[in-house]
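**Student:** requesting a structural model of the entry that follows:
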Amino acid sequence: MSERPSPLRVVVLGGGTAGWMSACALAKLLGPLVTVTLVESEDIGIVGVGEATLPHIRGFVERLGIDEAAFMQATHATYKLGIDFQDFGRIGESYVHPFGTFGEEVAGVPFHHYWLELQRLGLAEPIGHYSLAVTAALAGKFRPPTTDGTLNSTYGYAYQFDATLFGPFLREHGKTLGVDRIEGKVVEVRQDPESGDVTALELESGQEIAGDLFVDCSGFRSLLLGTTLGEEWEDWSGWLPCDRAAALPCSHVSEEITPFTAAIAMPAGWRWRIPLQHRMGNGYVFASQFLSEDEACAAIVGAVDGKPLADPRVLRFRAGRRKASWQKNVIAVGLSSGFLEPLESTSIYLSQMAITYLIELFPIGGPIDPRDRDEFNRLVDMEYDRVRDFLILHFHATTRDDSEFWNHVRTMAVPDTLAEKMALWREAGRVEKYSDGLFYDASWIAVYLGQGVWPERHDARVRLPDPEQVARAMAALRNAIVAEVGAMPGHREFLTANERRLAMQS
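**Tutor:** From the prediction side, this is the model:
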């Protein structure tokens, strides 16, 4: 038998969500193959407003061995079935981007083609009526999906939580996994004079933290990848001009808690509304070239429903990513790698996927293979690029001309990759297929149709069956969805039952 290789010394720079997600995952999933040290400073704050997630976070939490109910209680979390977009395509219109499907494929033809044909004949209800996730979200209902292939398995869910509590929760979990936390500020990054690899971090206290592999979770500073290694930034603000957010928590005004995030278009961007168990999260994401910070703060104060619990806090950012997220022996995760505005709650997902790819391509028992590094960079770039295109679609696919901001995003040139996707949809009602990455058919369909981007034609095979027969099948689906949602408990009711179960277990 071959001997087990010596553990690789991994140093994670930065706490917060990205840092502790990275440290916990490496310690849990690589075990004795690594030692994990995390360096963070209590004096350096975290962004801490990203309160909404995508369904992928559920698998990540489970793989770390975290109990969902305990995690939700610790972070005041709620369940999320999708995002309700208001006033994006035109003022007065809304749609839900669901974490689930619209109908099901029949005879090899996607459901939305049948729906488009019945819509043409005036026989179809709004497409959201054929999604269990949309119907449950708007009804304020929730229960976990099944895995038995029935109607109740056609949706997923994510979480909405207090991001300022998620990092500390993971910190405590990380300690149980053997992560060594060191408090301190980095004053110097030491590098090998020949290879340029990072060899150690020198702290303000004089302590040196040596390592073989360094994970940069230092946020927008990107201390290791950006500042030390000089990795170039690719600026996407020309397509995603929002570069500020005025965040403001407020109290609840109702006992009910909606199981979805709301995104409401505003004159210079959009605002979020995220219900947590103990409060409501709000924020105005805006483009500073069209609106001042003072104006944005006044706007969000005037827009919230409940009593403000703090003064608005302004965050500054820019859309884009590093041209490579892994250089030499430094891997950037989270904001140090890139940032795409929070419209579709993708920040934690992008951190999670970078961690997943790192673990899959981890240099166990030997030096870094340049081929693994190249593959990591390819995969991370793919994730960012596809999310970027999907976000741009929300702004570009609009008829709004009521402000400078909406005129700008409506008329701007978009990336060729997005232009090709939109052309494919407009010409044939088809969504570009890919096996990796985020946002599949239902997501694109929700935004296209929700914002008035209609195809010129659809699959001709849908005209083969009797349209009345197809209409009856769709009506049966709609009735089944209504019945299933009617049997679900309310979202608040389900959360309360979870709390009771946890209390009984303890």
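**Student:** buried ones in stretch 414-428?
**Tutor:** For stretch 414-428, the neighbour count (16 or more other Cβ atoms under 10 Å) marks 414, 418, 421-422, 425 as buried. All C-beta spots, glycine's among them, are computed from the backbone N, C-alpha and C.
**Student:** okay, and which of those map to helices?
**Tutor:** Per DSSP state H, helices hold the following members of the buried residues of stretch 414-428: 418, 421-422, 425.
**Student:** shouldn't residue 123 be within a helix?
**Tutor:** No: counting by DSSP: H, G, I helix; E, B strand; the rest coil, residue 123 falls outside a helix, being coil.
**Student:** apart from its neighbours in sequence, what residue is nearest it?
**Tutor:** Leaving aside its sequence neighbours, residue 123 sits nearest to residue 471 (Cβ to Cβ, 6 or more residues apart in numbering; 4.4 Å).
**Student:** now do the buried residues in stretch 313-328.
**Tutor:** 314-315, 317-322, 324-328.
**Student:** how near is residue 17 to residue 352?
**Tutor:** Residue 17 is 10 Å from residue 352, where distance means Cβ to Cβ, to the nearest Å.
**Student:** what pairs with the helix or strand hosting residue 188, and is each one parallel or antiparallel?
**Tutor:** With elements taken from DSSP states H and E, the one containing residue 188 is strand 186-191. Partners of strand 186-191 in the sheet, by DSSP bridges, are strand 198-203 (antiparallel).
**Student:** now do the helices in the stretch 301-450 of the chain.
**Tutor:** Taking DSSP state H, counting those that start in this stretch to define them, one finds helices in the stretch 301-450 of the chain at 347-360, 370-396, 404-411, 416-428, 441-450.
**Student:** could you dump these to CSV with mean pLDDT and distance to residue 64?
**Tutor:** Output for the helices of the stretch 301-450 of the chain, formatted as CSV (pLDDT from 0 to 100; distance: least, Cβ to Cβ, whole Å):
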stretch, mean pLDDT, distance to residue 64
helix 347-360, 95, 11
helix 370-396, 97, 21
helix 404-411, 98, 38
helix 416-428, 96, 34
helix 441-450, 95, 26
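**Student:** let's have those helices in a markdown table, adding distance to residue 495.
**Tutor:** Shown next, in a markdown table, are the helices of the stretch 301-450 of the chain (distance: least, Cβ to Cβ, whole Å):
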| stretch | distance to residue 495 |
| --- | --- |
| helix 347-360 | 21 |
| helix 370-396 | 29 |
| helix 404-411 | 36 |
| helix 416-428 | 38 |
| helix 441-450 | 26 |
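**Student:** out of the ones you listed, which comes closest to residue 267?
**Tutor:** helix 404-411 (6.4 Å; Cβ to Cβ).
**Student:** count the residues that sit near residue 123.
**Tutor:** A total of 16 residues lie near residue 123 under the criterion other Cβ atoms under 10 Å.
**Student:** does it touch residue 469 like I think?
**Tutor:** No: counting by Cβ atoms under 8 Å, residue 123 stays clear of residue 469, with 10.9 Å between them.
**Student:** so where do the helices sit in the stretch 151-300 of the chain?
**Tutor:** Ranges of helices in the stretch 151-300 of the chain, per DSSP H, counting those that start in this stretch, are 163-176, 293-303.
**Student:** can you tell which of those helices is closest to residue 362?
**Tutor:** From the helices of the stretch 151-300 of the chain, taking Cβ to Cβ, the stretch that ends up closest is helix 163-176, at 17.8 Å.
**Student:** one step back: closest one of the buried residues of stretch 313-328 to residue 457?
**Tutor:** Residue 457 has its nearest neighbour among the buried residues of stretch 313-328 in residue 319, at 34.2 Å by Cβ to Cβ.
**Student:** hang on, the earlier thing: return the subset of the buried residues of stretch 313-328 lying in strands.
**Tutor:** 314-315, 320-322, 326-327 (DSSP state E).
**Student:** and those residues as CSV, adding pLDDT and distance to residue 410?
**Tutor:** As requested, these are arranged in CSV below (pLDDT from 0 to 100; distance: Cβ to Cβ, whole Å):
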residue, pLDDT, distance to residue 410
314, 96, 26
315, 94, 26
320, 97, 22
321, 97, 25
322, 97, 29
326, 98, 37
327, 98, 37
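**Student:** JSON lines for the residues you listed, including distance to residue 253?
**Tutor:** Listed next are those as JSON lines, based on distance: Cβ to Cβ, whole Å:
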{"residue": "314", "distance to residue 253": "25"}
{"residue": "315", "distance to residue 253": "25"}
{"residue": "320", "distance to residue 253": "37"}
{"residue": "321", "distance to residue 253": "38"}
{"residue": "322", "distance to residue 253": "42"}
{"residue": "326", "distance to residue 253": "46"}
{"residue": "327", "distance to residue 253": "49"}
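**Student:** is residue 65 in contact with residue 28, as I believe?
**Tutor:** Yes: with contacts counted by Cβ under 8 Å, residue 65 reaches residue 28, the gap being 6.6 Å.
**Student:** higher neighbour count, the two?
**Tutor:** Using other Cβ under 10 Å as the criterion, residue 65 and residue 28 rank with residue 28 on top: 20 against 11.
**Student:** and that one, what does it touch?
**Tutor:** Counting by Cβ atoms under 8 Å, 6 or more residues apart in numbering, residue 28 touches 63-65, 177.
**Student:** residue 482: neighbour count?
**Tutor:** So residue 482, with other Cβ under 10 Å, has 14 neighbours.
**Student:** ok, of the buried residues of stretch 414-428, which one's closest to residue 38?
**Tutor:** For the buried residues of stretch 414-428, the nearest to residue 38 is residue 418 (37.4 Å; Cβ to Cβ).
**Student:** was I right about the closest one contacting residue 392?
**Tutor:** Yes: with contact defined as Cβ under 8 Å, residue 418 reaches residue 392; the gap is 5.7 Å.
**Student:** in this structure, which residue is closest to the centre?
**Tutor:** Central residue of the chain (Cα atoms, centre = their mean): residue 346, 2.0 Å from the mean position.
**Student:** for that residue, phi and psi?
**Tutor:** For residue 346, the backbone dihedrals are phi -100, psi -10 (criterion: degrees, to the nearest 10).
**Student:** elements contacting the helix or strand encompassing residue 493?
**Tutor:** Element membership of residue 493, judged by DSSP H and E, is helix 491-505. Here helix 491-505 touches helix 68-75, strand 78-80, going by 3 or more Cβ pairs under 8 Å, 6 or more residues apart in numbering; DSSP states H and E.
**Student:** let's go with 6 Å and repeat that
**Tutor:** helix 68-75 (3 or more Cβ pairs under 6 Å, 6 or more residues apart in numbering; DSSP states H and E).
**Student:** got the buried residues for the helix it packs on?
**Tutor:** Applying a neighbour-count criterion of 16+ other Cβ under 10 Å, one finds 69, 71-75 buried in helix 68-75.
**Student:** sounds good, over and out.
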